[in-house]
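> Predicted model and sequence below, questions to follow.
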Amino acid sequence: MVTATMQHKHPSSVDNQLLLLQQENSRLKAVLKEHEEKLAASLHKDELLNASEEKFKKLFEEHSAVMLVIDPETANIVDANRAAASFYGWTVEELRTMHIQQINPLSADVLQKEMTNTLSSAPNRFVFCHRRSDGSLRDVEVFSNRIEVAGKALLYSVIHDITERKQAEQALELSEIMFRSIAEQISEIIFVTDQTGVTTYASPAVEAITGYKPSEVIGRRFIEFLAEEDIERAVSAFQEGLVIKTDYLLEFRYRRKDGTIFDSEVHVQYYEKQGFIGLLRDITSRKAAEKRLSDSVMQLEHMMNGTLQVIANMVDAHDPYTAGHQRRVGIIASDIAREMGWPEEQCENLKLIGLVHDIGKIAIPAELLSKPGELSPIAYDLIKTHAEEGYQILKDIEFPVPIARIIREHHERMDGSGYPQGLKGDETLAESRILAVADVLDAISGHRPYRPSLGLEAAIREIETHRGSLFDPEVVDAMLRLIREKGYQLPL
């Protein structure tokens, strides 16, 4: 029985041992698998890290921005990219052997403090002055950040050259200082508005001229201070300024704080996307002076007109047979000039010149001027002297226009066959050439002591026949348009 029992238990013990062996084997396999997975993950992580480091290295070396890696403990440059070599003028290898103080002229203590701060805080921005290999200094903006390489803390810096920007900022700052200095000293008002016309700056002179303090003007639209009747014109001018974007000069009536109105001149300049800058001056005194001058000129013109009318009357009295001829020639000449597109003031001047163009006839004996019948060559030569005599009478009198010269030239002809100087073409004044046509037109169509009137058509034929040879073509064409196309009637 004992033997049988033992024989029965032996297989059971073996089975248990096998089971234990199987369990241990499974555990070992699981441990091995876990170890293999960890090893694979570690290897993959290393591969990723290596790939990342390789990518970073390539980005660092090829990036267009200037980059340096610095050891904060020694302040040595650990690495530099090609952009840094190009910017500083040293090779990458040379930069890797340099101390940061060879580039940044700040003291070692200051540099160390800045690097320590960067290590213990978020990315920092600095503005430094960096030295290059040729000794030149450049303003730079440096963005520094902490990085770890093989467990060591380093500083990674990206450097931007801001020299031009700094120079522009300094120039702008200087410009603003100069602007304010000038604006606060000159007697005219300098103002700045945005694109809607709201005042953003007004110089101190605004108070002296208008009574408003600068603070009372800023924030309000420029047109609020204009005389009501000028507001619409001002709005139109500002809108035009936004379109044409150029300087313009305007005159407005400006309202002072006490309600009084004064004349102002405003020089406005538009600045793209900024608005307007203007200079306003009080021109009340100037306008008053201009009014006095205008009145004086008008008075002088009246006096001159009166004087010329007296002279014309004297000529008419001396030569009654041609009475009214000078007046008519003046009217015809001014109408021809007007047809040619001349300014009204010049046309009126021609009218006055025509009024006295035969003043020289007062030097000719009256009996010769009124003698009936054909004139002898000697008598005709004597009468021809009236052009020169007229010049001699008026040459020393100052007129706004060269009256004496025009009178002297009104018998000259385009081909040089006229008198008294035998001038050709544009050797004579344009006024003289117009007066010549008007004189012949009235003379031929009118009555003379030595012949009856030949009529208007005869006068037109004579002038048209000699268009270009004796008379200025442009003047003749204007005369023909007046008579043939516009039905012009000669003055009585």
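Yep, it's here.
> where does the stretch 51-200 of the chain dip in pLDDT?
For the stretch 51-200 of the chain, the stretches with pLDDT under 70 are 51-56, 121-123.
> The same query, at a cut-off of 90, please.
51-65, 72-74, 105-127, 144-156, 165-197 (pLDDT under 90).
> Which stretches in it count as strands?
Counting by DSSP state E, counting those that start in this stretch, one finds strands in the stretch 51-200 of the chain at the ranges 66-71, 76-80, 124-131, 137-149, 152-161, 189-193, 199-202.
> And the shortest one, what does it pack against?
This means strand 199-202. Contacts defined by 3 or more C-beta pairs under 8 Å, 6 or more residues apart in numbering; DSSP states H and E place strand 199-202 against strand 189-193, helix 214-217. No exception for glycine: its C-beta is placed from N, CA and C like everyone else's.
> Tell me the spatial nearest neighbour of the most centrally placed residue in the chain, not counting adjacent residues.
With distances taken as C-alpha atoms, centre = their mean, residue 246 lies nearest the centre of the chain, 4.7 Å away. Nearest non-adjacent residue to residue 246, counting by C-beta to C-beta, 6 or more residues apart in numbering: residue 270, 7.0 Å away.
> separation between that neighbour and residue 116?
Plainly put, residue 270 is 52 Å away from residue 116 if you go by C-beta to C-beta, to the nearest Å.
> Report the secondary structure state of the residue nearest to the centre of the chain.
coil (DSSP: H, G, I helix; E, B strand; the rest coil).
> which one of the helices and strands packed on strand 199-202 lies closest to residue 492?
Evaluated with C-beta to C-beta, these place strand 189-193 nearest to residue 492, the distance being 58.4 Å.
> partners of that closest one in the sheet?
The pairing partners recorded for strand 189-193 under DSSP bridges are strand 199-202 (antiparallel), strand 275-282 (antiparallel).
> so how far is the helix or strand just after the last one off the chain centroid?
Moving toward the C-terminus from strand 275-282, the first helix or strand encountered (DSSP states H and E) is helix 284-318. Relative to its chain's centre, helix 284-318 lies at 41 Å (C-alpha atoms, centre = their mean, to the nearest Å).
> do stretch 188-195 as well
Distance, stretch centre to chain centre, for stretch 188-195: 17 Å (C-alpha atoms, centre = their mean).
> List of residues touching that stretch?
Residues from elsewhere that reach stretch 188-195 (C-beta atoms under 8 Å, 6 or more residues apart in numbering): 179, 182-183, 199-203, 205-206, 209-210, 217, 221-222, 242, 273-281.
> cool, and stretch 439-448?
Residues outside stretch 439-448 that contact it (C-beta under 8 Å, 6+ apart): 321-322, 325, 328-329, 332, 357, 410-411, 453-456, 458-460, 462-463, 471, 479, 490.
> looking at the strands of the stretch 51-200 of the chain, which is buried most?
strand 189-193 (a mean of 23; mean count of other C-beta atoms under 10 Å).
> okay, it in PDB with CA atoms only?
Extracted in PDB, the C-alpha atoms of strand 189-193 (Å, rounded to 0.1, in the frame of the first residue of the first chain):
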ATOM      1  CA  ILE A 189       0.300 128.300 -37.000                       C
ATOM      2  CA  ILE A 190       1.500 124.800 -37.800                       C
ATOM      3  CA  PHE A 191      -1.200 122.200 -37.500                       C
ATOM      4  CA  VAL A 192      -1.500 118.500 -38.300                       C
ATOM      5  CA  THR A 193      -4.700 116.600 -39.000                       C
END
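> number of nearby residues for residue 240?
13 (other C-beta atoms under 10 Å).
> For the helix or strand where it lies, which outside residues touch it?
In this assignment (DSSP H and E), residue 240 forms part of helix 231-244. Residues from elsewhere that reach helix 231-244, judged by C-beta under 8 Å, 6+ apart: 195, 197, 222-223, 226, 248, 250, 252, 268, 270, 276.
> In TSV, list the residues you listed along with distance to residue 87.
Output for these, formatted as TSV (distance: C-beta to C-beta, whole Å):
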residue	distance to residue 87
195	40
197	47
222	49
223	53
226	56
248	47
250	52
252	55
268	45
270	40
276	42
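> Tell me the secondary structure of the residue nearest to residue 246, please.
strand.
> what's the burial count for it?
Residue 270 has 20 neighbouring residues, counting by other C-beta under 10 Å.
> Same question for the one 5 residues further on.
As a burial measure, the neighbour count of residue 275 was computed by other C-beta under 10 Å and equals 20.
> Check residue 91 too.
Residue 91: 13 surrounding residues under other C-beta under 10 Å.
> ok, it to residue 102 distance?
Residue 91 is 14 Å from residue 102, by C-beta to C-beta.
> Which SSE is immediately downstream of whichever strand or helix holds residue 335?
Applying DSSP H and E as the criterion places residue 335 in helix 325-339. Using DSSP H and E, the helix or strand that directly follows helix 325-339 along the chain is helix 344-355.
> mind listing what's buried in the helix or strand following that next one?
Sequence order places helix 366-369 as the next helix or strand after helix 344-355, per DSSP H and E. The neighbour-count check on helix 366-369 (16 or more other C-beta atoms under 10 Å) flags 368-369 as buried.
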